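> Quick check, what structure comes out for this input:
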Amino acid sequence: MQLISSQMTGYMEQGSWIRKMFEEGIKLKKEFGEDAVCDFSLGNPDLPPPAIIKETLAELADQADQPFFLGYMPNFGYPAVRERLAEEVSKEQGVDVPADCLVITCGAAGALNSFFRAVLGPGDEVLSPAPFFVEYGFYAENHGAKLVTVPSKPLTFELDLDAIDAAITDNTRVVLINSPNNPTGAVYTRKELEGLAAILTKHNEGRDKPIYILSDEPYRFLAFDGVEVPSLLDIYTYSVVCSSFSKNLSMAGGRVGYALINPAIEGKETLMGAVIMSNRILGFVNAPALAQKLLAKALGSSVDISIYDDRRKAMASVLDNAGFEYTMPKGAFYFFPKAPGGDDVKFCATLQKEKILAVPGSGFGCPGYFRLAFCVGENVIMRAKDGFVRAMKNAS
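Just a heads-up that it's a prediction; the model follows:
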């Protein structure tokens with residue numbers, strides 16, 4: 001008897017390299033102890049949330065006996081929280097964003113899926129630069145579409161605009177980008193984004209349906225060395241932003257984010273209505289009430305990004321010492337070095353023998369590289385120094 005769909009059987013077999021390595025880490029830690037394993041597999045922010053989160057939780061506890069304290073609200077979220085969010089994203093994006101262009105969602109994943117449900121149909125294509133966040137393909141297929149990937153430029157992971165131009169078809173409905181990028185740490189420049197916008201504007205001529213740019217931005221806050229993270233809203237009309245507070249507020253388990261529809265889109269009310277309806281009928285209904293209440297007070301706060309910058313520099317020194325080839329990440333908390341010998345899966349197995357956990361680039365659609373998440377203590381990074389040296393020698 002076949003208990004599950006054939007598609008889900010395939011998904012479960014395909015799995016996720018990130019989760020596989022995380023599970024391998026659990027085994028290693030049980031065998032050798034927590035302090036013996038250097039786990040760079042999972043992008044799970046380890047910094048505690050800003051102090052305002054703890055203070056607000058204490059305040060909210062005193063209100064918990066009120067009627068409807070955690071009850072339903074409009075599918076787009078609490079109106080007052082949406083107004084407050086509009087103020088914050090207007091500053092962040094450099095564009096006046098009215099509250100009625102925002103839907104508060106169950107994290108960025110909820111925002112991505114709600115938008116996809118609103119605009120995608122069977123046979124549509126979502127085009128994404130590779131490497132890419134592993135769940136994108138699943139999200140596209142959730143709504144009858146398929147993910148089409150275009151390799152970015154080697155090592156620097158800049159957008160290959162000519163390749164993107166050539167990959168666009170009549171079925172292309174969304175170009176999905178992630179900047180600062182997971183897994184590479186790349187930040188797309190204004191020039192790159194303007195070039196992408198020009199390509200899509202050209203392809204939109206004569207089409208009944210525009211090609212959207214969907215910008216996935218949970219790492220927007222985390223850019224280093226004064227690097228600009230440009231806003232797409234004033235670059236391309238048919239742009240939509242999805243984001244979350246998993247990283248900047250260390251609220252990954254709080255599951256709260258948003259979808260932002262560009263105010264410049266003509267007929268945006270229809271698109272907004274469709275995203276709100278999608279948020280409801282996909283079963284999210286609304287973003288978690290408690291997380292929204294926390295968000296109302298915490299907006300404008302952030303974890304200390306200088307800690308991540310110090311870790312970035314520490315990881316760079318470790319990789320330099322071992323002789324790895326990489327591009328210094330401009331944002332997010334990941335390195336994506338070349339795998340010595342070119343076989344990323346084999347090299348990650350070599351690292352594992354040194355009790356170092358990394359994720360093969362194959363899991364992100366980019367074999368030949370591997371990902372290291374540096375959202376761990378500097379002591380863990382430095383403890384891995386000798387192991388990286390031995391792994392490099394063994395690979396060579």
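> show me where the chain has strands.
Per DSSP state E, the chain carries strands over the ranges 38-39, 102-105, 125-130, 146-151, 172-178, 212-216, 239-244, 257-261, 334-335, 356-357, 359-360, 370-373.
> Now do the buried residues in stretch 117-125.
117-120, 124-125 (16 or more other C-beta atoms under 10 Å). Heads up, the C-betas are built off the backbone N, CA and C, glycines and all.
> starting at the chain centroid, how far to that stretch?
From the chain centre to the centre of stretch 117-125 is a distance of 21 Å (C-alpha atoms, centre = their mean, to the nearest Å).
> what's Ala384 in contact with, if anything?
38, 40, 318, 354, 356 (C-beta atoms under 8 Å, 6 or more residues apart in numbering).
> Surely Ser243 is in contact with Leu214?
No. Between Ser243 and Leu214 there is no contact under C-beta atoms under 8 Å: 11.2 Å.
> got a list of contacts for the lengthiest helix in the chain?
Of all the segments of type helix in the chain, defined by DSSP state H, the longest one is helix 305-322. Here helix 305-322 makes contact (C-beta under 8 Å, 6+ apart) with 47, 221-222, 224, 326, 328-329, 333, 335, 337, 372, 374-378, 381-382, 384-385, 388-389, 391-392.
> my guess is Thr156 contacts Tyr188, does it?
No. The pair Thr156 and Tyr188 does not pass the contact test of C-beta under 8 Å, sitting 11.2 Å apart.
> Looking at those two, which is more packed in?
Tyr188 (25 against 9; other C-beta atoms under 10 Å).
> Look up the closest residue to that one, ignoring the ones flanking it.
The shortest distance from Tyr188 to any non-neighbouring residue, by C-beta to C-beta, 6 or more residues apart in numbering, is to Ser179 (4.4 Å).
> repeat for Pro218
Ranked by C-beta to C-beta, 6+ apart and with sequence neighbours excluded, the top spatial neighbour of Pro218 is Ser244, at 4.7 Å.
> so what's Phe157 up against?
Phe157 sits next to 129, 131, 181, 184, 186, 327, 336 when contact means C-beta under 8 Å, 6+ apart.
> Which one of those residues is nearest to Lys346?
Nearest to Lys346, judged by C-beta to C-beta, of the contacts of Phe157 is Phe336 at 17.1 Å.
> returning to that earlier point: so which of the contacts of Ala384 sits lowest on pLDDT?
Among those, Cys38 carries the weakest pLDDT, at 92.
> count of residues packed around that one?
Cys38 has 26 nearby residues by other C-beta under 10 Å.
> quick revisit: please put the alpha-carbon coordinates of the longest helix of the chain into CSV.
This file holds the C-alpha atoms of helix 305-322, laid out as CSV (Å, rounded to 0.1, in the frame of the first residue of the first chain):
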residue,chain,number,x,y,z
ILE,A,305,26.3,42.5,14.3
SER,A,306,29.9,43.3,15.3
ILE,A,307,30.0,39.9,16.9
TYR,A,308,29.2,38.3,13.5
ASP,A,309,31.9,40.5,11.9
ASP,A,310,34.5,39.3,14.4
ARG,A,311,33.5,35.7,13.7
ARG,A,312,33.8,36.4,10.0
LYS,A,313,37.3,37.6,10.4
ALA,A,314,38.2,34.7,12.6
MET,A,315,36.9,32.2,10.0
ALA,A,316,38.8,34.0,7.3
SER,A,317,42.0,33.7,9.2
VAL,A,318,41.4,29.9,9.8
LEU,A,319,40.7,29.3,6.1
ASP,A,320,43.7,31.5,5.0
ASN,A,321,45.9,29.5,7.3
ALA,A,322,44.8,26.2,5.7
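> Now go through the contacts of helix 305-322 and say which are in helices.
Those of those mapping onto helices are 378, 381-382, 385, 388-389, 391-392, per DSSP H.
> Neighbour count for the residues you listed - can I get that in TSV?
Formatted as TSV, the ones in helices among the contacts of helix 305-322 follow (neighbours: other C-beta atoms under 10 Å):
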residue	neighbour count
Glu378	14
Ile381	24
Met382	14
Lys385	15
Phe388	24
Val389	15
Ala391	24
Met392	18
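> now, which of these sits nearest Ile281?
Checking the ones in helices among the contacts of helix 305-322 one by one against Ile281 (C-beta to C-beta), the nearest turns out to be Ile381, at 44.3 Å.
> My read is that that closest one contacts Phe374, right?
Yes. Contact criterion C-beta under 8 Å: Ile381 and Phe374 qualify, at 6.5 Å.
> what about the helices in the protein?
Along the chain, counting by DSSP H, helices occupy 6-14, 17-32, 51-61, 79-93, 107-119, 136-141, 161-167, 190-204, 268-281, 289-298, 305-322, 344-353, 378-383, 385-395.
> quick one: the last one to helix 305-322, angle?
Direction vectors for helix 385-395 and helix 305-322, defined by axes from the mean of the first three to the mean of the last three C-alpha atoms, to 10 degrees, enclose an angle of 40 degrees.
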